[in-house]
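Colleague: Let me see the structure of the following:
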Amino acid sequence: MSQAQFEDLMGDIATAIADRPVDGALAAFLDEAFAGDGETFKTIAALCQTGEAEGWICAREMGGIKFGRVIKPGGAAGRFSVDVVRMKDCKGPHHVHPGGEIGMIMPIAGDPKFDGMGRGWYVDPPGSDHWPTVEGGDAYVLYLLPDGAIEFTGK
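Modeller: Numbers count the residues shown, from 1 in each chain. Predicted coordinates:
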């Protein structure tokens, strides 16, 4: 397993969603096309573990949250950036998604819920905001941001 394989899989997903609106229908599409119990999803979760061990995923840490941008917009995932965070029973910094946020929740240990959701995909529409929170365990949360857009508010 390698960073190149991760980039290829993210490119496949980005291509599949490139022209779709960032809304609930996109979450349903992703749940069907790249299901949480499917091979692609499982491979990405395994690559996150490998990448963290090798230092190309979650290379930074602040406040108990490991994080990092793995792919910049204009790279392997087209117009999307790809970030991965590792959170365990914590709340992250408040932010706004100008173009929306498309994410994967990948449990590591326990029964983690990210913003109340378990393993699988979520889509937050353009203009949405939140304090990302994981409760009940340890998880990777991978998210694609259209044009890499995210605004931390300092709230």
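
Colleague: Excluding residues flanking it in the chain, which one is nearest Phe6?
Modeller: If you skip the residues right next to it in sequence, Phe6 has Leu47 as its closest partner in space, 4.5 Å away by C-beta to C-beta, 6 or more residues apart in numbering. The way it works is simple: take the backbone N, C-alpha and C, and place the C-beta from them, glycine included.

Colleague: list the helices and strands the strand or helix carrying that neighbour packs on?
Modeller: Element membership of Leu47, judged by DSSP states H and E, is helix 39-54. For helix 39-54, the packing partners by 3 or more C-beta pairs under 8 Å, 6 or more residues apart in numbering; DSSP states H and E come out as helix 3-17, strand 80-91, strand 101-114, strand 133-146.

Colleague: so where's the protein uncertain?
Modeller: 1 (pLDDT under 70).

Colleague: could you dump the helices and strands packed on helix 39-54 to JSON lines with distance to Trp56?
Modeller: Formatted as JSON lines, the entries for the helices and strands packed on helix 39-54 read as follows, by distance: least, C-beta to C-beta, whole Å:
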{"stretch": "helix 3-17", "distance to Trp56": "5"}
{"stretch": "strand 80-91", "distance to Trp56": "10"}
{"stretch": "strand 101-114", "distance to Trp56": "16"}
{"stretch": "strand 133-146", "distance to Trp56": "13"}
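
Colleague: Switch the ones you listed over to TSV; also include distance to Gly55 and mean neighbour count.
Modeller: Formatted as TSV, the entries for the helices and strands packed on helix 39-54 read as follows, by distance: least, C-beta to C-beta, whole Å; neighbours: other C-beta atoms under 10 Å:
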stretch	distance to Gly55	mean neighbour count
helix 3-17	10	17
strand 80-91	12	21
strand 101-114	17	20
strand 133-146	15	21
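
Colleague: Cool, thanks, talk later.
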